[in-house]
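>>> Structure of the sequence below:
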Amino acid sequence: MDLNARTVIFLLTILFLGLLAGFLLIPVPSFSGTLPGNLIGLAGMLFIGYTLLYSFRKRVLGRKGRQNPLNHHVIAGLTGASLIIIHSGHAYASLNGTLAFLAMVTIVLSGLGARFLLGKISRSLKNQKRDVAEMRKELQVKKSQIDKATCARILELEGSWENVDEEDAALDPVIAAHCDELVALARSVVETEYAIEGFERTKALFDKWLKVHIYLTALLLAMISVHVLSAVYYGLRWLP
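All right, here's what the predicted structure looks like:
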C-alpha cells in the first residue's frame with residue numbers, strides 16, 4: 001500500500017470512529033428523511049455495494065495484488081459506512097434500519113481489526129520463511145565443513161569438556177564448538193518452522209473469517225436495500 005492510500009485510510013478511520021462516537025451524543029432524528037439525508041444514504045449504499053466487487057474479482061476472476069487493490073475495498077467500505085452514519089442522523093429509526101446499522105458497524109470494525117492483524121501475521125510469516133530459508137542454507141554450509149562422525153561422537157559426550165576422559169581428550173575443542181553451533185542452528189530452524197506452522201494456522205482462521213465477512217457484507221447490503229424499499233413504500237418525508 002502506498003503512502004497516500006495509507007493516509008486516506010487512516011483519515012477515513014478517524015472520521016468513521018468520530019461519527020460513530022457522535023452517534024450517541026448528537027442525535028438529529030429528522031435528517032435521515034430529508035432529501036440530502038436520503039441522497040447521502042443512497043451514496044453510502046453504493047459504496048458498500050462496491051466493496052463486494054473486490055471479493056468478486058479476487059475469488060471469481062482470480063485478480064490479486066495490483067490488479068485488485070485491497071486499499072480500494074477498505075476506502076470504499078469506510079466511506080460508505082461514514083455516509084450511512086451521517087444519513088442516520090445519529091438517531092435510531094426502524095427496526096430494520098437499526099439492525100442494518102449495527103451489522104454495518106460490526107462488519108467495519110471487525111474488518112479493520114482483521115486487516116490489521118492479518119497484515120501483521122502475513123509480514124511475520126514472510127519474514128520467518130525468509131529467515132528459515134537463510135538458516136537452512138547456513139546449516140548446509142556448516143554440515144559440509146565438519147566431520148560428521150567426529151561431531152556425532154562429541155554430541156554423545158556427557159558433562160563439560162573439563163570432565164571428559166583421555167579417549168575424548170584428543171577431540172578438538174574447535175570442532176566441538178562448530179558442532180554446538182550446528183546443533184543450535186538446527187534447533188533454531190525447527191523452532192522457526194514450528195512458529196511458521198502456528199502463523200499459517202492462524203492465517204487460515206483469518207481466511208475463513210474473511211469469507212464470513214463477505215457473506216455478512218452481502219447480508220448488510222440486502223438489509224440496506226430492504227430499508228430503502230421500505231422508505232419508498234411508506235413515503236419519503238422530503239417529497240411534497
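
>>> Give me the pLDDT for the closest residue in space to Ile146 that isn't next to it in sequence.
Spatial nearest neighbour of Ile146, excluding adjacent residues (Cβ to Cβ, 6 or more residues apart in numbering): His178 at 5.3 Å. Any C-beta I mention is one placed from the backbone N, CA and C, and that applies to glycine too. Note on His178: pLDDT of 74.

>>> so how far is Thr192 from His178?
21 Å (Cβ to Cβ, to the nearest Å).

>>> same question, Leu117
21 Å.

>>> Neighbour count for these two, which is higher?
Shown here are Leu117 and Thr192; by other Cβ atoms under 10 Å, Thr192 has more neighbours (17 against 14).

>>> How many residues are close by the closest residue to that one other than its chain neighbours?
Once flanking residues are discounted, Thr192 sits nearest to Val132: 4.6 Å by Cβ to Cβ, 6+ apart. Val132 is flanked by 19 other residues according to other Cβ under 10 Å.

>>> Okay, and Val132 sits in which element?
Per DSSP states H and E, Val132 falls inside helix 95-144.

>>> and what of Ala21?
Judged by DSSP H and E, Ala21 forms part of helix 3-22.

>>> ok, now how distant is Lys203 from His178?
Counting by Cβ to Cβ, the gap from Lys203 to His178 is 37 Å.

>>> Which of the two has more residues huddled nearby?
For Lys203 and His178, the more surrounded residue by other Cβ under 10 Å is His178, and the numbers stand at 18 against 15.

>>> what's the helix or strand for the more buried one?
Counting by DSSP H and E, His178 is found in helix 173-234.

>>> can you pull the alpha-carbon coordinates of stretch 12-25 into CSV?
Listed next in CSV are the C-alpha coordinates belonging to stretch 12-25 (Å, rounded to 0.1, in the frame of the first residue of the first chain):
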residue,chain,number,x,y,z
LEU,A,12,-11.3,7.8,7.0
THR,A,13,-10.9,5.5,10.0
ILE,A,14,-10.7,8.6,12.3
LEU,A,15,-13.8,10.0,10.6
PHE,A,16,-15.7,6.8,10.9
LEU,A,17,-14.8,6.4,14.6
GLY,A,18,-15.6,10.1,15.2
LEU,A,19,-19.0,9.8,13.6
LEU,A,20,-19.7,6.6,15.5
ALA,A,21,-18.9,8.3,18.8
GLY,A,22,-21.1,11.2,17.8
PHE,A,23,-24.0,8.8,17.1
LEU,A,24,-24.8,8.7,20.8
LEU,A,25,-24.0,12.3,21.5
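
>>> Check what contacts it and list those residues.
The contact list for stretch 12-25 (Cβ atoms under 8 Å, 6 or more residues apart in numbering) reads 75, 78-79, 81-82, 85-86, 88, 90, 105, 108, 112.

>>> And stretch 101-108, by the same measure?
In contact with stretch 101-108 (Cβ under 8 Å, 6+ apart) are residues 16, 20, 48, 77-78, 81, 84-85, 88, 213, 216-217, 219-220, 223-224.

>>> From those, keep the buried residues only.
16, 20, 48, 77-78, 81, 84-85, 88, 213, 216-217, 220, 223-224 (16 or more other Cβ atoms under 10 Å).

>>> picking that back up, name the nearest of the contacts of stretch 101-108 relative to Ala5.
Checking the contacts of stretch 101-108 against Ala5 with Cβ to Cβ, the nearest one is Leu78 at 11.8 Å.
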